[in-house]
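**Student:** Sharing a model that was predicted from the sequence below.
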Amino acid sequence: MKITSDILSVRQNMPLQAKIVLSQQRIRSWYDHYHGEVYIAFSGGKDSTVLLDLVREYYPQVPAVFVDTGLEYPEIRDFVKSIDNVIWLKPKMSFKKVIENYGYPVISKAQAGYIYEYRHAKSKKTKDKRWNGAYEKKKYKISEKWKYLVNAPFEISDKCCYYLKKKPSRDYEKESGRKVFLGNMFSDSNNRAVEYQKYGCNMFDKSVPQSWPIAFWKESDIWEYIKTKKIKYSKIYDIGYHRTGCMFCMFGAHRNHPNRFQLMKKSHPKLYNYCMENLNLKSVLDYIGIDS
């Protein structure tokens with residue numbers, strides 16, 4: 001069923017208790033459809049922490065899966081270690097190797113991907129699509145603001161998420177046969193909103209099936225749930241971080257002030273110095289004009 005903008009608005013503005021009931025319905029439907037052969041993608045962040053609690057309230061035996069990319073804050077790792085029944089996965093490629101082989105994750109996943117494809121395209125048609133856009137609305141192109149990055153003295157790509165997160169998870173799914181619960185919310189990005197409107201919470205028809213039981217929640221709902229139910233969460237949020245994710249990822253750093261690197265400089269100075277100097281992130285951020 002396609003989720004219209006009106007349905008989207010109604011769901012997002014429901015009271016928390018109504019959202020919990022709807023999320024639980026989606027969880028039970030997913031669990032039953034796959035006869036319990038499911039798992040929870042657990043990052044240690046607040047959203048997946050709430051998802052974990054929602055799922056395990058009914059199905060305490062469902063495993064959580066944490067992808068140990070090497071880019072998690074120490075507070076996230078410590079929190080994940082405190083949770084029972086968590087499977088730790090390790091990617092085959094390190095962040096350092098990904099940026100050496102493919103390039104740095106900057107601006108956004110879409111823009112980094114377009115820049116990489118433009119630079120490495122063998123056909124004029126592909127280059128033209130990424131430079132001028134596709135179809136009537138000129139979508140899927142490098143933004144005018146970021147076109148100068150095609151001449152950057154460093155490689156740029158969107159490959160990091162695939163090699164460090166998606167591939168280990170997909171490999172686990174193939175080996176185990178389990179289907180995933182994800183703590184994605186459609187308010188996180190336009191792409192997620194489009195996917196949610198197309199498939200709804202339980203994406204049975206997607207090429208890689210996924211369930212997003214809390215897709216229609218707001219960040220305020222997440223914190224209300226945590227405080228109301230008094231569930232544990234990572235201490236990273238108590239030292240000034242609103243979002244976690246990968247420590248050295250530069251996606252979205254141009255939008256936030258202070259950005260993750262400015263926060264890291266104060267909270268984790270050794271990690272800050274490592275990524276700025278050893279991984280050369282300072283040169284990249286300086287080139288783009290992002291304060292670090």
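**Tutor:** Done, it's in.
**Student:** For the lengthiest helix in the chain, name the packing helices and strands.
**Tutor:** Of all segments of type helix in the chain, defined using DSSP state H, the longest is helix 16-33. Secondary-structure packing of helix 16-33 (3 or more C-beta pairs under 8 Å, 6 or more residues apart in numbering; DSSP states H and E): helix 46-58, strand 179-181, strand 202-203, strand 210-211, helix 219-229. For every residue, glycine as well, the C-beta is placed using N, CA and C.
**Student:** The same query, at a cut-off of 6 Å, please.
**Tutor:** Packing partners of helix 16-33 (3 or more C-beta pairs under 6 Å, 6 or more residues apart in numbering; DSSP states H and E): strand 202-203.
**Student:** roughly how far apart are the spatially most central residue of the chain and residue 202?
**Tutor:** Nearest residue to the geometric centre of the chain (C-alpha atoms, centre = their mean): residue 245, 6.8 Å. According to C-beta to C-beta, to the nearest Å, residue 245 stands 25 Å off from residue 202.
**Student:** With residue 130 instead?
**Tutor:** 33 Å.
**Student:** Residue 92 too?
**Tutor:** Relative to residue 202, and taking C-beta to C-beta, residue 92 is found at 30 Å.
**Student:** okay, these two: which has more neighbours?
**Tutor:** Between residue 92 and residue 202, residue 202 has the larger neighbour count (other C-beta atoms under 10 Å), namely 21 against 10.
**Student:** Can you give me every residue that contacts the more buried one?
**Tutor:** Residues in contact with residue 202, defined by C-beta atoms under 6 Å, 6 or more residues apart in numbering, are 26, 29-30, 211.
**Student:** Could I have the PyMOL command that selects the buried members from those residues?
**Tutor:** Remark: buried members of these, expressed as a PyMOL selection using 16 or more other C-beta atoms under 10 Å:
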select buried, resi 26+30+211
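**Student:** Now the two most distant members of the contacts of residue 202.
**Tutor:** 29 and 211 (8.4 Å; C-beta to C-beta).
**Student:** can you give me the helices for the stretch 1-150 of the chain?
**Tutor:** All helices of the stretch 1-150 of the chain, identified by DSSP state H, counting those that start in this stretch, fall at 5-12, 16-33, 46-58, 74-81, 95-101, 109-120, 124-132.
**Student:** Going by neighbour count, which residues of the second one are buried?
**Tutor:** What that stands for is helix 16-33. The neighbour-count check on helix 16-33 (16+ other C-beta under 10 Å) flags 19-20, 22-23, 26-27, 30-31 as buried.
**Student:** possible to save those residues as JSON lines with pLDDT and distance to residue 125?
**Tutor:** What follows is the buried residues of helix 16-33, written out as JSON lines (pLDDT from 0 to 100; distance: C-beta to C-beta, whole Å):
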{"residue": "19", "pLDDT": "97", "distance to residue 125": "45"}
{"residue": "20", "pLDDT": "97", "distance to residue 125": "49"}
{"residue": "22", "pLDDT": "96", "distance to residue 125": "44"}
{"residue": "23", "pLDDT": "97", "distance to residue 125": "44"}
{"residue": "26", "pLDDT": "97", "distance to residue 125": "41"}
{"residue": "27", "pLDDT": "98", "distance to residue 125": "44"}
{"residue": "30", "pLDDT": "98", "distance to residue 125": "40"}
{"residue": "31", "pLDDT": "98", "distance to residue 125": "45"}
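**Student:** List just the nearest of the residues you listed to residue 83.
**Tutor:** Closest approach to residue 83 among these (C-beta to C-beta): residue 27, at 18.0 Å.
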